[in-house]
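Novice: let me see the structure of the following:
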Amino acid sequence: MYEEFSIVYDSVMSDIPYGKWFERLHHELKKQGKTGGHLCELGCGTGEMTGRFCEAGYEVTGIDRSPDMLARAMEKKEEDQNILYLNQDMRDFSLHKPADVVLCICDSVNYLLREEDLLQMFRCVYDNLNEDGIFLFDMKTAYCYRDVLGDVVRFEDADTYSVIWENTYDDIEKINEYLVTMFLFREDRGLYERYDECHRQRAYAREDVEDLLSQAGFTLYGCYGEDLEHAPGEQEERIYFAATRMEVRS
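Specialist: Numbering: from 1, shown residues only. Below is the predicted model of the structure:
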């Protein structure tokens, strides 16, 4: 997964408002007093967000399961940027030192299809987080998968690639499946080659996520809609969870 797709990922995702997302995330961290320190991003992909937090003054560790995505991130990394990239699983990772902040955004958590996997990830985050650290992550909602994405086909076309996304959502199993067909131009061969990838994500009920966080030892201090300020509404495509290891947070 995210093998050949990593080649065109940034181009296909060019409409993602990374700048706006960063501003909202940074504002939330500053509200909690996390203006610097060690920040770990799980599912960091091609490093769009790790680079932004590095420029904001954080020491950043980016973790991803895909070596191909990490290769793209390394290509974008500047020599003076304090970023360490690691090829690890978010359910079982280790850091060279505890993190002050752990982020997992861009619906990376939705790739965990079982509650056991989600709990394992939460416990691993807990073990790698400073006592007063912040765990902040987002998840796409069932509303997004069912009513926004639904059973649709999306097509992206450019000079060097064509990508077809076929989306289906099972409202009973709460599983969303992306079938991605890519035609990538190989300049050395003068032809297009076809590649296929299947991506599966799961929608979780908010109360189930909160229960699993509690089981892992976290205290949830905030749950927000996409603006990262107000409580999520019924037609929210993405919601954020903000948690801490501390029992009480002022």
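Novice: helices along the chain, start to end?
Specialist: Counting by DSSP state H, residue ranges of the helices within the chain are 5-12, 18-31, 48-55, 67-76, 115-127, 142-143, 206-215.
Novice: compile those into CSV and extend it with columns for mean neighbour count and distance to D89.
Specialist: All C-beta atoms are positioned from the backbone trio N, CA, C, and that covers glycine. Shown next, in CSV, are these (neighbours: other Cβ atoms under 10 Å; distance: least, Cβ to Cβ, whole Å):
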stretch, mean neighbour count, distance to D89
helix 5-12, 18, 17
helix 18-31, 16, 23
helix 48-55, 20, 18
helix 67-76, 17, 12
helix 115-127, 19, 9
helix 142-143, 17, 25
helix 206-215, 15, 17
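Novice: lowest-confidence stretch among these?
Specialist: Among the helices of the chain, helix 5-12 carries the lowest mean pLDDT, at a mean of 71.
Novice: next, the angle helix 67-76 makes with it.
Specialist: Compare the direction of helix 5-12 with that of helix 67-76 by axes from the mean of the first three to the mean of the last three Cα atoms, to 10 degrees and you get 50 degrees.
Novice: show me what helix 5-12 is packed up against.
Specialist: Secondary-structure packing of helix 5-12 (3 or more Cβ pairs under 8 Å, 6 or more residues apart in numbering; DSSP states H and E): helix 67-76, strand 153-157, strand 161-170, strand 175-186.
Novice: sorry, back to before: select, out of the helices of the chain, the one closest to H199.
Specialist: helix 5-12 (8.5 Å; Cβ to Cβ).
Novice: just to revisit the earlier point, quick one, which of the helices of the chain is nearest to A242?
Specialist: helix 18-31 (6.7 Å).
Novice: how about that closest one as CSV, C-alpha atoms only?
Specialist: The C-alpha trace of helix 18-31 is given here as CSV (Å, rounded to 0.1, in the frame of the first residue of the first chain):
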residue,chain,number,x,y,z
TYR,A,18,-2.4,21.5,4.7
GLY,A,19,-1.6,25.1,5.5
LYS,A,20,-5.0,25.7,7.1
TRP,A,21,-4.8,22.4,9.0
PHE,A,22,-1.4,23.3,10.3
GLU,A,23,-2.6,26.6,11.6
ARG,A,24,-5.5,25.0,13.5
LEU,A,25,-3.3,22.3,14.9
HIS,A,26,-0.6,24.7,15.9
HIS,A,27,-3.1,27.0,17.6
GLU,A,28,-4.5,24.1,19.6
LEU,A,29,-1.0,23.0,20.8
LYS,A,30,-0.2,26.6,21.7
LYS,A,31,-3.4,26.8,23.8
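Novice: list the contacts of it.
Specialist: Helix 18-31 has contacts (Cβ atoms under 8 Å, 6 or more residues apart in numbering) with 35, 48-49, 52-53, 56, 101, 103, 105, 134, 136, 222, 227-228, 240, 242.
Novice: now flag whichever of the residues you listed is closest to E197.
Specialist: For the contacts of helix 18-31, the nearest to E197 is E48 (19.7 Å; Cβ to Cβ).
Novice: give the buried subset of the contacts of helix 18-31 as a PyMOL selection command.
Specialist: Selection of the buried residues among these in PyMOL, burial being defined by 16 or more other Cβ atoms under 10 Å:
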select buried, resi 48+49+52+53+56+101+103+105+134+136+222+228+240+242
